[in-house]
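Visitor: just to be clear, the model below is a prediction. Sequence and coordinates:
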Amino acid sequence: MKRLFMIRHCHAEGQHKDSPLTKQGIKQSKRLSNFIEQSSFFIDRIITSPYLRARESIKPYAENNNLLIQIDHRLQERLLSEAPIDDWMDVLEKSFSDRDFRLPGGESSNDALSRSIQVVNELMQDESSENAAIVTHGNLLAILLGEFQEDFGYEHWKTITNPDVYMIEKSNAGFTVKRLWDNSI
Ligand SMILES: O=C(O)[C@H](O)COP(=O)(O)O
């Protein structure tokens, strides 16, 4: 694999694993498909979070291009806490500055990274794919991007949109991270 597209899902009804896309999100998923098709890169392999909003976001592109959507539980959203929390933004901020910080029943940033980076590493080894995509969630996306761009943290997380598309490109000098999505699309 030469390039990895990291995609956050389109606008959804909620946070439950079975929350569908909104009407706006369904339109966005079609725009996302056109956007990828009009780019100079043909995405030839797709792995998504099992959550419905992630699968639905890439469905138009996958159908138009006869691609299978592979589902991988390691791409599901990071579980911040087992119990509901009111101050989740503060907790999230702390989890970016202390990557081992973990609430009861939840995952630290490093916990979420260690499961999700396995998918990325497996794709990196896949020589049958030139341009692969993962479709995931805001928090997990920010954690993964931090592996390729050191300063990518809480402030960057706040700027991630629904949908969003980042491209990681391999070169002799290492990896470059580029945001491709344009909100005006
Ligand atoms: O951190 C986030 O962005 C929230 O967990 C929202 O997740 P989402 O990308 O599935 O909406």
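Guide: Cool, got the structure.

Visitor: looking at this structure, which strand is longest?
Guide: Counting residues, the longest strand in the chain under DSSP state E turns out to be strand 164-171.

Visitor: and that one, which residues are buried?
Guide: Across strand 164-171, burial judged by 16 or more other Cβ atoms under 10 Å covers 164, 165, 166, 167, 168. For the C-beta atoms, the positions are set from N, CA and C on the backbone; glycine is no exception.

Visitor: excluding residues flanking it in the chain, which one is nearest residue 130?
Guide: Leaving out its chain neighbours, the residue that sits closest to residue 130 by Cβ to Cβ, 6 or more residues apart in numbering is residue 2, at 5.3 Å.

Visitor: check contacts around that neighbour.
Guide: The neighbourhood of residue 2, defined by Cβ atoms under 8 Å, 6 or more residues apart in numbering, consists of 130, 131, 169, 170.

Visitor: just the pLDDT for the spatially most central residue of the chain.
Guide: The chain has residue 136 as the residue nearest its centroid, 3.2 Å off, counting by Cα atoms, centre = their mean. We have a pLDDT of 98 for residue 136.

Visitor: once you drop chain neighbours, what's closest to the closest residue to the ligand within the chain?
Guide: Nearest to the ligand in the chain, going by Cβ to the nearest ligand atom, is residue 138, at a distance of 2.3 Å. Counting by Cβ to Cβ, 6+ apart, residue 138 lies nearest to residue 160, which is 5.0 Å off, once chain neighbours are set aside.

Visitor: the one you found and residue 6 touch, don't they?
Guide: No. Contact criterion Cβ atoms under 8 Å: residue 160 and residue 6 do not qualify, at 10.0 Å.

Visitor: which neighbours do these two share?
Guide: residue 141.

Visitor: in terms of neighbours, single out the busier of these two.
Guide: Using other Cβ atoms under 10 Å, the more surrounded residue of residue 160 and residue 6 is residue 6, with 25 against 19.

Visitor: tell me if the host helix or strand of the more buried one is near the ligand.
Guide: In the assignment (DSSP states H and E), residue 6 maps to strand 3-8. Yes. Strand 3-8 reaches the ligand (Cβ under 6 Å from any ligand atom) through residue 8.

Visitor: other SSEs contacting that strand?
Guide: When contacts are defined as 3 or more Cβ pairs under 8 Å, 6 or more residues apart in numbering; DSSP states H and E, strand 3-8 sits against helix 109-124, strand 131-136, helix 138-145, strand 164-171.

Visitor: around the ligand, which positions in the protein sit nearby?
Guide: Those residues of the chain that sit near the ligand, judged by Cβ under 6 Å from any ligand atom, are 8, 77, 137, 138, 139.

Visitor: was I right about the fourth one contacting residue 7?
Guide: In this case it means residue 138. No. Residue 138 is beyond contact range of residue 7, at 11.2 Å (criterion: Cβ under 8 Å).
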